[in-house]
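Student: From the sequence below, what's the structure:
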Amino acid sequence: MTALLDASWVGVPVWTIALIGLIVLLGAFVQATVGLGLGLLGAPLIALLEPQLVPTLLLLLAVPVSTTVMVAERHHIDWRVVAWALPARVPGTLLGVWLVTVIAGRWLVVAVALMVLVAVALVLHTVEVRQTPATLVGAGFLAGTAGTAVAVGGPPMAIVLAHRPSREVRGTLSLFFVVGSVMSAAWFAAVGAMPRSSVVLALAYLPLLAVAVPLGSWANHRLPREQFRTAVLGLCALSAVVLLVRSLMG
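Tutor: Model prediction:
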């Protein structure tokens, strides 16, 4: 593990590796608890520390986190939602990869901050959206684009699932995240845009996921759900504002 996290080889300072580890621990716990949160919480905070790790590190980490939740909630997956939304993620993923290749530097960081703020607003003030083939396809496409470009793909799908039982939301979102994250990461690797540091750190943080995900699943029915969600969204919004101000002033 020490050799794996050698700062000169990964290209990330040791203190930054430790801070990102804490962010990953918290983000994985939140996602295992409410069904999304790794990207929403992690994207602005990690972008503040090491912008080059967004979105690739979070895409890689989303695979084991979402797989664990998906397996636990496999009997509650809404396959109708998946059948309409998941194919629409393919063109959204391609658009997201293209956006990352053409929007570089601080403007990509600005996009991360803005997307997080929009996502928080949408989740807090949930719009009434009926589950129709058109809305599911649209949500799948938007989730693919935002999830690939800035690692914040959960809110579009969460909105169309807003009034479904919590276990159904967790199971359906997790399946969508597993397949979508693999798809997005594969495209980044195919176009040579997958940093070695993201791969190494994703492997190094696996033990943290092994702790955070079971704790989040255990806490799912024990924490005051709405208060917990509001506190997490407040932290996401605050970090996004700090990121946006720093990026625009820098």
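
Student: Do you know the pLDDT at the residue nearest to the spatial centre of the chain?
Tutor: Nearest residue to the geometric centre of the chain (C-alpha atoms, centre = their mean): residue 39, 2.4 Å. Here, the pLDDT recorded for residue 39 equals 89.

Student: next one: residue 104
Tutor: On the pLDDT scale, residue 104 is placed at 67.

Student: what about the residue nearest to the centre of the chain, which helix or strand?
Tutor: Assigned by DSSP states H and E, residue 39 falls within helix 38-49.

Student: what do you get for residue 159?
Tutor: For residue 159, the enclosing helix or strand under DSSP H and E is helix 154-160.

Student: what is the mean pLDDT for the helix or strand following that helix?
Tutor: Using DSSP H and E, the helix or strand that follows helix 154-160 in sequence is helix 166-190. For helix 166-190, the mean pLDDT works out to 92.

Student: which residues does residue 123 contact?
Tutor: Residues counted as contacts of residue 123 (C-beta atoms under 8 Å, 6 or more residues apart in numbering) are 155, 158-159, 229, 233. (C-beta placed from N, C-alpha, C; glycine too.)

Student: ok, back up a step: touching the helix holding residue 159 from outside, list them.
Tutor: Identification of contacts with helix 154-160 by C-beta under 8 Å, 6+ apart yields 35-37, 39-40, 81, 85, 118-119, 122-123, 126-127, 129, 131, 135-136, 138-140, 142-143, 146-147, 169, 172-173, 176-177.

Student: State the mean pLDDT of it.
Tutor: Rounded mean pLDDT across helix 154-160 is 86.

Student: Report the distance from that helix to the chain centre.
Tutor: Mean-position distance between helix 154-160 and its chain equals 12 Å (C-alpha atoms, centre = their mean, to the nearest Å).

Student: buried ones in it?
Tutor: 154-160 (16 or more other C-beta atoms under 10 Å).

Student: closest to residue 188 among those?
Tutor: Of all the buried residues of helix 154-160, residue 188 sits closest to residue 154, with 18.8 Å by C-beta to C-beta.

Student: roughly how far apart are that closest one and residue 113?
Tutor: 16 Å (C-beta to C-beta, to the nearest Å).

Student: Assess the claim that residue 142 and residue 89 are in contact.
Tutor: No - using C-beta atoms under 8 Å as the test, residue 142 is too far from residue 89 to be in contact (9.3 Å).

Student: Same drill for these two, tell me which one is more crowded.
Tutor: residue 89 (27 against 20; other C-beta atoms under 10 Å).

Student: any idea how far the more buried one is from residue 189?
Tutor: In terms of C-beta to C-beta, residue 89 sits 17 Å off from residue 189.

Student: same thing with residue 51?
Tutor: Distance from residue 51 to residue 189, by C-beta to C-beta: 19 Å.

Student: higher neighbour count, those two?
Tutor: Set side by side, residue 51 and residue 189 show more neighbours around residue 51, with 16 against 12, by other C-beta under 10 Å.

Student: Quick check, pLDDT for the more buried one.
Tutor: In this prediction residue 51 is given a pLDDT of 88.
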